[in-house]
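Colleague: Here's my sequence, what's the structure:
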Amino acid sequence: MITPDYCLTMARYNAWQNRQLREIFETLDRTTLEEQRGAFFGSILGTANHLLWGDRIWMSRFGVGEAPGVGLGASTGLTGSGGAWAVERFRTDGRLLLWAEQLRSVDLVGNITWYSGAAERWVSKPRSVLIAHMFNHQTHHRGQIHAMLTAAGVTAPLTDLFLMPEGSPWL
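Modeller: As a prediction, this is how the structure comes out:
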């Protein structure tokens, strides 16, 4: 279904997108980041925190790093500010890039089984499907952040995959 090259491309895309968000967040005041905007996870920061939480929970299921210390319900409060989010996002993107750079085809096969708090049951799915889901989840929630930034009058980042710069991990 997916290849190590796909995973590396998507990890680089994720890092590039998050670097742009970190740069934008540095220019925004706390009110703009935390204002409730009617999105599923409320605010720009709440959605960014949920996305960081999601990446960490999936990476822990893939055997890379610790799971967040909070559950889904508290994911929007994972960090307390744009600055704290930027630091944690940078660290997580680095970990994700290192993981993707080391993947081999054999690492993409087999099932992962875990207890899903969201589904309230044990789930077992192919590793490749779950990795694709992680990258799709990133894109989905960054799209929500993009819409909230635009609604707030902020120029949102460039998001087209085919326009991604080449040659660096964009951290």
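Colleague: Mind giving me the packing neighbours of the helix or strand harbouring Glu88?
Modeller: Element membership of Glu88, judged by DSSP states H and E, is helix 82-102. On a contact count with 3 or more C-beta pairs under 8 Å, 6 or more residues apart in numbering; DSSP states H and E, helix 82-102 meets helix 4-25, helix 44-61. Every residue, glycine included, has its C-beta placed from N, CA and C.
Colleague: looking at those, which is buried most?
Modeller: Highest mean neighbour count among those (mean count of other C-beta atoms under 10 Å): helix 44-61, with a mean of 23.
Colleague: if we can go back for a sec, format the helices and strands packed on helix 82-102 as TSV; extra columns: mean pLDDT and distance to Arg127.
Modeller: Converted to TSV, the helices and strands packed on helix 82-102 look like this (pLDDT from 0 to 100; distance: least, C-beta to C-beta, whole Å):
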stretch	mean pLDDT	distance to Arg127
helix 4-25	96	11
helix 44-61	96	9
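Colleague: what angle sits between the helix holding Glu88 and helix 44-61?
Modeller: In terms of direction (axes from the mean of the first three to the mean of the last three C-alpha atoms, to 10 degrees), helix 82-102 departs from helix 44-61 by 30 degrees.
Colleague: Of all the residues in helix 82-102, which ones are buried?
Modeller: Gly82, Trp85, Ala86, Glu88, Arg89, Thr92, Asp93, Arg95, Leu96, Leu97, Trp99, Ala100 (16 or more other C-beta atoms under 10 Å).
Colleague: All good on my end, thank you.
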